[in-house]
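Engineer: generate a structure from the sequence data that follows.
(one chain, ligands or ions: 2)
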Amino acid sequence: MKKNIVVAGLGLIGGSLAKSMMLAEENHVIGYDVNQDSLDFALFNGIIHQAANEFLNAIQDADFIIFATPISETISLINELNQTSLKKDVIVSDVASVKSSVINTAKELTNERITFIGGHPMAGSHKKGISAAKAHLFENAMYVLTPAYRSTPEKLSALKEILQNTKSNFVVLNAEEHDEMTAVISHFPHLIASSLVHQASKWQNKHAFLPNLAAGGFRDITRIASSNPELWQDIFYHNRQKVSQLLKDWIEEMANIKELIDTNEKEKMVHFLKEAKNYRDGLPDKSIGAIPSFYDIYVDIRDQPGALASVTLLLANKNISIKNIEILEIREGITGALRLSFYSKKTQLKSMDILQQHGFEAMIQA
Ligand SMILES: NC(=O)c1ccc[n+]([C@@H]2O[C@H](COP(=O)([O-])OP(=O)(O)OC[C@H]3O[C@@H](n4cnc5c(N)ncnc54)[C@H](O)[C@@H]3O)[C@@H](O)[C@H]2O)c1
Ligand SMILES: O=C(O)C(=O)C[C@]1(C(=O)O)C=C[C@@H](O)C=C1
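Structural biologist: Ligands and ions are numbered 1, 2, ... in the order given. Take a look at the predicted model:
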């Protein structure tokens, strides 16, 4: 039997989910968005089966509804669910980056046809909109689920089943613990990234040449400052208590670091940096590190046509799958480095060997 799935909000996240759900034949994916261009794009590119302009009509026959709209819009749409007489029992979920405000709204639902299980795929991008959507965006990412209203183990399994082609790892958390952890690991870092960019921009008044010195470090740490400002304003608003507390702790921590700098306490500074490095690098067994890391190699490449293709072709010829490729712009226009991630130590070492044999400078970072 076909499953009718309505995705409300066909942007980066909704479009990516729709694409992954289109991979299963039993799914019939209906897209709803206030932006007609996004609906047209999705329909034209086969990201959905059907487009809808009117929310309450779209959900009449739904088995599943997934809200992939900005958080405040998701809350308004959940409230609308009480104003319709649905034909079927329906499992409703969302993807909002903050869970408490969404879950508290869902707990107020009175429509007995609805089961609400919150969701948050922990992957994304600084890009927005349907054109940036990718079916594999959530592959290997954590996907948090927060049961809230009339949930049962069977309903939870049914939701996981329609999301299975995301190839993500599901974890059930309550909204409070989710919001505290994402404040630390996602929301607050975003604030710092934007703040670093502001600092650089102010200093540019004194040193017009400054942006030309922005090399790998500044670019790495500030990439997320290029994200969608409206989306992030909404995230900070809905998680304001947790983010504000972290900001308070951070200011205190910065005062301590200032003292370390001012007093030149060498040992304490090395200790501070070492502890951060150890945490970042993860535990000795990388698979259970604090921040999961994979089996990476770094390859120097000339910035010239075909450089990337020749690396991937060499590995493809030996049947080696690359988990991820990232181009690190170390020296723009001259040389760059590729970070290739593999699934195992064995393929990591084999790939390094193959590339070195073909004259590439390839290395594993200690
Ligand atoms: N961007 C990320 O990295 C990321 C990651 C995980 C979760 N999220 C969450 O995903 C949600 C969407 O974020 P995104 O990055 O896909 O944003 P996006 O801007 O790419 O997409 C949002 C879409 O929602 C549509 N929309 C807005 N209001 C609507 C309404 N009332 N009804 C129907 N459609 C409406 C917009 O037209 C747009 O197509 C947010 O709740 C965000 O917290 C984002
Ligand atoms: O990769 C990025 O650009 C992201 O910011 C994605 C990211 C994050 O990792 O913090 C941001 C917000 C989401 O709710 C989930 C993931």
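
Engineer: and Ile48, backbone torsions?
Structural biologist: Per-residue torsions, Ile48: phi -140, psi 160 (degrees, to the nearest 10).

Engineer: per-residue pLDDT, it?
Structural biologist: Listed pLDDT for Ile48 reads 98.

Engineer: who's the nearest residue to it once chain neighbours are set aside bridged to?
Structural biologist: Distance criterion CB to CB, 6 or more residues apart in numbering; nearest residue to Ile48, sequence neighbours excluded, is Gly31 at 3.8 Å. Backbone N, C-alpha and C define where each C-beta goes, glycine included. Beta-bridge partners of Gly31, counted by DSSP bridges, are Val7, Ala51.

Engineer: just to check, Gly31 is in contact with Lys19?
Structural biologist: No. Counting by CB atoms under 8 Å, Lys19 is not a contact partner of Gly31; they are 10.8 Å apart.

Engineer: so these two - more neighbours on which side?
Structural biologist: Between Gly31 and Lys19, counting by other CB atoms under 10 Å, Gly31 is the more crowded of the two (27 against 24).

Engineer: and the spatially closest residue to Ile261 that is not a sequence neighbour, what element?
Structural biologist: Using CB to CB, 6+ apart and skipping the chain neighbours, the partner closest in space to Ile261 is Met269 (7.7 Å). Using DSSP states H and E, Met269 sits within helix 266-281.

Engineer: re the thing from before, what sits against the residue nearest to Ile48?
Structural biologist: Residues near Gly31 by CB atoms under 8 Å, 6 or more residues apart in numbering: 6-7, 10, 14, 18, 38-39, 42-43, 47-48, 50-52.

Engineer: try it again at 6 Å.
Structural biologist: Val7, Leu10, Leu39, Ala42, Ile48, Ala51 (CB atoms under 6 Å, 6 or more residues apart in numbering).

Engineer: from the residues you listed, which is closest to Leu328?
Structural biologist: Nearest to Leu328 among those is Leu10, at 31.6 Å by CB to CB.

Engineer: the closest one should be in a helix, yeah?
Structural biologist: No. Under DSSP: H, G, I helix; E, B strand; the rest coil, Leu10 falls outside any helix and is assigned coil.

Engineer: that older thread, for the residue nearest to Ile48, give me the pLDDT.
Structural biologist: Model confidence at Gly31, given as pLDDT, is 98.

Engineer: measure it to ligand 2 for me?
Structural biologist: For Gly31, the distance to ligand 2 (CB to the nearest ligand atom, to the nearest Å) stands at 21 Å.

Engineer: do any residues in the longest helix along the chain lie close to ligand 1?
Structural biologist: Longest helix in the chain by number of residues (criterion: DSSP state H): helix 240-263. No. No part of helix 240-263 sits close enough to ligand 1 to count as contact by CB under 6 Å from any ligand atom; the gap is at least 14.0 Å.

Engineer: tell me the average confidence for that helix?
Structural biologist: Helix 240-263 shows a mean pLDDT of 96.

Engineer: what ranges do the helices span in the chain?
Structural biologist: With DSSP H as the criterion, the chain has helices at 12-21, 36-44, 55-58, 71-80, 100-107, 153-162, 175-182, 188-203, 216-222, 229-238, 240-263, 266-281, 307-316, 345-357.

Engineer: would you turn those helices into CSV with distance to Asp89?
Structural biologist: CSV is the format used below for the helices of the chain (distance: least, CB to CB, whole Å):
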stretch, distance to Asp89
helix 12-21, 19
helix 36-44, 26
helix 55-58, 17
helix 71-80, 17
helix 100-107, 15
helix 153-162, 9
helix 175-182, 23
helix 188-203, 38
helix 216-222, 46
helix 229-238, 28
helix 240-263, 34
helix 266-281, 45
helix 307-316, 47
helix 345-357, 46
